[in-house]
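K.L.:
Would you be able to build a 3D model of this:
(chains A, B and C)
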Amino acid sequence: MTDLADLTLSEATSGLQGGEMTAVELLEAVHRRATMTEAQLHAYLNIDRPGAARAAVAADSALGNGAAVSKLTGIPVALKDNLVTRGLETTCSSKILAGYLPPYDATVVGRLREAGSVIVGKTNLDEFAMGSSTENSAYGTSRNPWDPDRVPGGSSGGSAAAVAVGSALAALGSDTGGSIRQPASLCGIVGMKPTYGLVSRYGLIAFASSLDQIGPLTRTVPDSVTVLEAIGGYDPADSTSHPGKVPDFRAGLGRGVAGVRIGVVSELSGEGIDPQVQAAVARMVTSLEGEGARVTELSLPSFEYALSAYYLIAPAECSANLARFDGVRYGLRRHGDTVEEMMANTRAEGFGPEVTRRILLGTYALSAGYYDAFYGQAQRVRTLILNDFDSAYGQVDVLVSPTSPTTAFEVGARATDPLAMYMSDVCTIPSNLSGHPAISVPVGLDDAGLPIGFQVMAPALGEEVLFQVAAEVERIAGFSDRPALANSRADI
Amino acid sequence: MPIDIDIAKVARLARLALSDEELDLYRAQCEVVLEHAALVQALPTEGVEPTSHPLRRTNAFREDVVTECLDTEEVLAQAPDRDGNYFLVPPILEEP
Amino acid sequence: MKFEPVIGIETHVELTTASKMFCGCPVEFGAPPNTNVCPVCLGLPGALPVVNHTAVEYAMKIGLGLRCEIAPHSVFSRKNYFYPDMPKNYQISQYDLPLCIDGHIDIETDEGSARIGITRVHMEEDTGKSTHLGTGGRISAGSQTLLDFNRAGVPLMEIVSEPDLRSAVQARVYAEEVRGVVKRLGVSDVKLEEGSMRFDANISLRPEGASTFGTKVEVKNMNSLRSVQRALEHEIERQAAVLEAGEEVVQETRHWNEEDGTTAAMRSKEEAFDYRYFPEPDLVPVAVDEAWCSEVASGLPELPAQARERYRAQGLEPTTAGLLSRDVDLGRVFEDAVGAGADARTVANWLTGEVTAWLRKESRLLPDSHLDGAALAELEAMVGAGDVSATAAKDVLAGVLSGEGRPAEVAESRDLIQVSDSASLEPAVDAVLAANSDAFEKLKSGDEKVMGFLIGQVMRSTGGKADPAAVTRIIKERAG
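P.N.:
Numbers count the residues shown, from 1 in each chain, chains lettered A, B, ... in the order given. I've put the predicted structure just below:
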């Protein structure tokens, strides 16, 4: 008898709508799994038992009396704690927002609620989404369910860990430089970043506005499609929201890859990639070819500069986005004899080292005399990256690479070396700069039993072919392993 | 290309009250990152337009209609310091 | 050494849209604190701005009214600095690609005409309001500050002139002209006393005939049109004295103090603000095509310059025409009066003279008074018919403005009706002539000088109500 917490979202939807179980039962299973795993995992900052219980009861009522239901009705979903939730503490894993109660819901949260989902709670992240390991959280590091001495990745580490272990059936994260895909890869689940503008950012506490996107973390590719269908689509409250028709995400599922042209990015293979990761990715590429895909190797030379451009653009935008945290209207306030002192003391104490570092970097990159050489140049390099992508998509339908150069690293291994940490994002960053969609699919484990993620990238609004190829990768990989923690018994 | 940052000035601009040790540490770390980031300067970009938005959209507008405001009490309840329905802050040193 | 002032003016205009620049909160003066706020204008985490379509059109109107080119592609930028009344600690503004550029406005002063260039008109958002507790509202050590964000996010247009102004008077007339244009466009209530229109000036001095610019000083806190002139007159004197003493003018910002009649340097900043402008990533560019521009242009009302031409054609002096054109309320009443048959010059002089003085003294606006075009026409007709003297007409005006009634009623109740019909006057004249036969004889023999004396006697005997013109006529008749 399957523990309900081990169901995929699609299986749970069937079960709920078929009357085989109730939303309350499902939630109880998820809560039990959380109870068993949280001490080790610390995926959550806040499990909202009363709120979730109310939503589960309401879902059962809708399911029971034939009211209109969606695929998400009754499904327990976790939210990264940089998404504002009305009346529910939202901290961005920062001291500066300790105790902050937003007076409104993010648009995506509203859509999930309307779809009848059950919000389990808020998950841990690197402070203000800045990081690749969740070690930058002011409230403790989350752990990788495959090996608790290792990081789950970041910045959406809590969301990834929760889905991997079954203390949520799906989660929302945010991806600015890889923060959904890289933790999904390290935790052996599916993580997807949509085309920029497909999912409303209203209510996502901004890190880098021209790069941030909200996306799903799920156990399977079809689950990812389901969540995206619920949260995606035009929002007039977000000026950067795509106003046109939304792609049919689901249309390519099951179509296979016969005739699909796949480009392997040469800059993202070989040197700098762990050999086992490289080998797993190469094996999958060969398998895809075997299923009828036409594979070529492509060079996108500007990718060499993507990391550098990102570490000018993202800090610059974040230095302005985080200026609002000043102790005046909400959050932490520290004493100052003058308001200037109060702000400076509040921010110095409220922000952790990574956030402080990026604010300083960003402020410098924008300052008088440096703008053109740094921020200005980075935005021009961004155009070159877009041009390389456009030219590549003239020859292929999708691009592929590893999601992360390595599998999960040990807690503390990169914490003191910012540059080494930043290198975790070298494969994921280009599609943030371009605004293109990308997805990570687990394809196997390395010798240490740690998951390896395979990344597929597609052109803007190319979610249909993206999910089509991702689904095939998933089918070929047949990855059904679960982390040890998911199987732990209640013997604590 | 070695980069020399006036970190104290940057910290003032960003309203961050950091100690001298912290300033030294951050300066060193930022300089390392910036040297790496400055690699972008190696790419020739004459005639290349900068990309501020991946989305090529223009004219995202809303109609000039009044919508519901927040409840004043809910807003002020989050204030670290208040005086009635005003936010309260310490004395301001400089005018902009 | 003769110095020439070089002045540029920055004008900020709050728009009277229904809602704010980037959110749906109402634009409302004087609401209870922090009642017109939302996540966007409060700068709450996660909130995003969306541009108010009408505000863009109002900005275009201002640009077109100032003969600017409307940029086909303009961009919002973040202006980054920390200040407690700015919720995001950056202001969404426009920097390198503003909406309107390269305009001009023509002004006339006693010194002649001048064309003042308009560098740009751009869109931004207003800040919240800070009230300093303790010492009389000004910042001082020890005073905490109350913050109200109702005003944060109100659409604010910035109009920047070229440094083409050459005197304090020109600066004031420029400010009046800009105010007149904006008022006519109906996009702002331009109330300086409420802060919906604000002026800052940049002023430097240079030797007459020089072409380079001197060091410029920014002058702020000029809260009325008159103080624009006064502040700049003072600043010209101050800078001239500095330069004549062989010293250098310090580049700084100075606050005008209306009570003292001086400018004072604001607390010196350690470093000039580095605003770190970059394109606003939460907003997309504004694209204005020919069609949209033409649509807005065709909806423009008549501008002061056009009204001025009409008034000049009706025989008004340039200064009077200028005053009427810049004040849309005065202009409307003028046109109504002329439309009702009044003489243009008479009513124009009344409006720009007595009426304006009365309104200023009573701190009232013309639409709130009881004077309208019909009343002016009525009064003018009464003067023309000799029912009231020109002097008495001014008293009647005051009475009508105060709400004492229509001109005829006021003239009656204030006993200002002039007697000019022969039947009433002849007895009085005859009586005076009889009592002053020597003077009358002198008059008859050609001595014009006694006319004044005789008229004066009739005026005395009639209690001042005789029409001097009629009296003169009757006396002459009697003299043969």
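K.L.:
And the residue nearest in space to the middle of chain C, how far from chain A?
P.N.:
Using C-alpha atoms, centre = their mean, the residue of chain C that lies closest to the mean C-alpha position is C:E176, 4.1 Å off. When distances are taken as C-beta to the nearest C-beta, to the nearest Å, C:E176 and chain A turn out to be 36 Å apart. (Each C-beta comes from the backbone N, C-alpha and C, glycine too.)
K.L.:
just checking, that residue touches C:Q229?
P.N.:
No - in this structure, C:E176 sits apart from C:Q229 without contact. The criterion is C-beta atoms under 8 Å, and the distance is 9.9 Å.
K.L.:
The closest residue to A:F479 other than its chain neighbours in helix, strand or coil?
P.N.:
Setting aside the residues directly before and after it, A:F479 is nearest to A:P442 in space (C-beta to C-beta, 6 or more residues apart in numbering or on different chains), at 4.7 Å. State at A:P442, reduced to three classes by DSSP: H, G, I helix; E, B strand; the rest coil: strand.
K.L.:
hang on, A:P442 packs against A:A470?
P.N.:
No - taking C-beta under 8 Å as the definition, A:P442 is not a contact partner of A:A470, at 10.9 Å.
K.L.:
which residues do these two both contact?
P.N.:
Common contacts of A:P442 and A:A470 (C-beta atoms under 8 Å, 6 or more residues apart in numbering or on different chains): A:V190.
K.L.:
Tell me which residue of chain C lies closest to chain B.
P.N.:
Chain B sits closest to C:G24 of chain C, with a gap of 3.0 Å, by C-beta to the nearest C-beta.
K.L.:
residues near the closest residue to that residue other than its chain neighbours, how many?
P.N.:
In space, C:G24 comes closest to B:T67 once its chain neighbours are excluded; the distance is 3.0 Å by C-beta to C-beta, 6+ apart. A total of 11 residues lie near B:T67 under the criterion other C-beta atoms under 10 Å in any protein chain shown.
K.L.:
hang on, isn't B:T67 packed against C:A18?
P.N.:
No - contact status for B:T67 versus C:A18: not in contact, 10.2 Å apart, counting by C-beta under 8 Å.
K.L.:
Figure out the helix or strand that residue 27 lives in.
P.N.:
Assuming you mean chain A. Under the assignment given by DSSP states H and E, the secondary-structure element containing A:L27 is helix A:23-41.
K.L.:
was after chain B, sorry
P.N.:
Assigned by DSSP H and E, B:R27 belongs to helix B:20-37.
K.L.:
Now do C:T462 against chain A, distance only.
P.N.:
The span separating C:T462 from chain A equals 73 Å under the rule C-beta to the nearest C-beta.
K.L.:
after the lowest-mean-pLDDT helix or strand in chain A, next one along is what?
P.N.:
Least confident element among the helices and strands of chain A, by mean pLDDT, DSSP states H and E: helix A:418-422 (a mean of 85). Heading C-terminal from helix A:418-422, the first helix or strand you meet, by DSSP H and E, is helix A:429-434.
K.L.:
Averaged pLDDT, that next one. What do you get?
P.N.:
The predicted model assigns helix A:429-434 a mean pLDDT of 97.
K.L.:
Tell me the gap between that helix and the middle of its chain.
P.N.:
Here the centre of helix A:429-434 is set off from its chain's centre by 14 Å, with C-alpha atoms, centre = their mean, to the nearest Å.
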